[in-house]
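1. what follows is a predicted structure for the sequence shown.
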Amino acid sequence: MHVPSNRRDPQRQRWRGSVMAMSILATLALGGAARAASFDEKAKAPAMKSVSDLRAQVEPFAVKYRALHESNPEQVIRDPAMARQKFDLKWQLVRAVESKQPLEGAAALGLVAQGDGSYRIDLDAYPEWDDFHETIAGMLSRANMDVHGPRLLARGFRPEDLITLRNYVAANNSDAQAAEETAAITLAFANTVRKYDKLKRPVPDTVVESFYYQRSRAHSEAKRRWVEGLLQALDAQRGRVLLSTFLEMKPYGIWAPSDLKVAADELMAEMRKPEFEARVKAELKGVAQ
């Protein structure tokens, strides 16, 4: 997952299929569903029927989400049902961009065409598309604590609050937790690929898409729970300080087309290798260190 060191930098789409071919570690770290979940071959990924249909779903959700994001951002983090709905809506729009579907009227959803097939999104104006919890988890890594610690102290953290934050980050590796969430999905999908190989049948595109969706949703949910756990470790006032620090940044996103079939074929080729499972488990241990 790409998480910028400054939210004023572009946030490129984290789900892009081409990332999958980079390494098995990337396969684990970019994920989708619930704790200890396996891959459900029968589950279907949500797909956009049309821009107007998606807009009819997004607009009432955006009104509710923005109001809560403004008045009580902590509740946005703590509400798994809202997080799931937000993820599903964003998934549909991002995959439409990646697969080069017609997006006439998408400007009403915050997408600004860049002329090359990509779209820019002002995530401050359209927070319903922002992976807010993933940004917080990524930026509050152990490597970044020396940067963010003084800022939080200046905004109202006490020294003991900073100790609580450092201890939480040290004891809870958000990348390792996300990788652990998605490992079972990845390995189960690899078994599904081999099952179709034995039947001498291609893996259906809908099954491949479902894997990407389930894995990505699991990753997002793991990051949400990580931030929720951090808020529980802090008192209410310090939680508000923490969230307001990130809310004042001005992020934007860039979503771009991707050759999803090539990426999927490369990923499944890796999964067919005899050493795949051992490599996954070895790299999973490495993430946790």
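-> Perfect, thanks for sending it.
2. which strand or helix spans Gln232?
-> Using DSSP states H and E, Gln232 sits in helix 205-233.
3. so after that helix, what's the next helix or strand?
-> helix 236-247.
4. strands paired with whichever helix or strand comes after that next one, and their directions?
-> Using DSSP H and E, the next helix or strand after helix 236-247 towards the C-terminus is strand 252-255. Using DSSP bridges, the strands paired with strand 252-255 in its sheet are strand 10-12 (parallel), strand 119-122 (antiparallel).
5. what residues sit buried inside strand 252-255?
-> By neighbour count with 16 or more other CB atoms under 10 Å, strand 252-255 contains the buried residues 252-253, 255. (C-beta placed from N, C-alpha, C; glycine too.)
6. relative to Trp129, how far out is the residue lying closest to Pro257 once chain neighbours are set aside?
-> Once flanking residues are discounted, Pro257 sits nearest to Gly117: 4.5 Å by CB to CB, 6 or more residues apart in numbering. Using CB to CB, to the nearest Å, Gly117 is found at 18 Å from Trp129.
7. more neighbours, those two?
-> Shown here are Gly117 and Trp129; by other CB atoms under 10 Å, Trp129 has more neighbours (24 against 14).
8. show me where pLDDT drops low in the stretch 151-289 of the chain?
-> 287-289 (pLDDT under 70).
9. any idea which helix or strand carries Ala37?
-> Judged by DSSP H and E, Ala37 forms part of no helix or strand.
10. okay, it: pLDDT?
-> pLDDT for Ala37: 71.
11. so it is in contact with Gln214, correct?
-> Yes: counting by CB atoms under 8 Å, Gln214 is a contact partner of Ala37 at 7.2 Å.
12. who's in contact with the residue nearest to Arg155 when sequence neighbours are not counted?
-> The shortest distance from Arg155 to any non-neighbouring residue, by CB to CB, 6+ apart, is to Val241 (5.2 Å). Residues near Val241 by CB atoms under 8 Å, 6 or more residues apart in numbering: 152, 155-157.
13. how much space between the residue most central in space within the chain and Ser174?
-> Central residue of the chain (CA atoms, centre = their mean): Ser220, 4.1 Å from the mean position. Ser220 sits 12 Å away from Ser174, going by CB to CB.
14. swap in Val112?
-> Look at Val112 and Ser174: by CB to CB, they are 31 Å apart.
15. tell me the secondary structure for the closest residue to Lys250 other than its chain neighbours?
-> Distances taken as CB to CB, 6+ apart place Asp124 nearest to Lys250, at 5.1 Å, with adjacent residues excluded. Of the three states, Asp124 takes coil according to DSSP: H, G, I helix; E, B strand; the rest coil.
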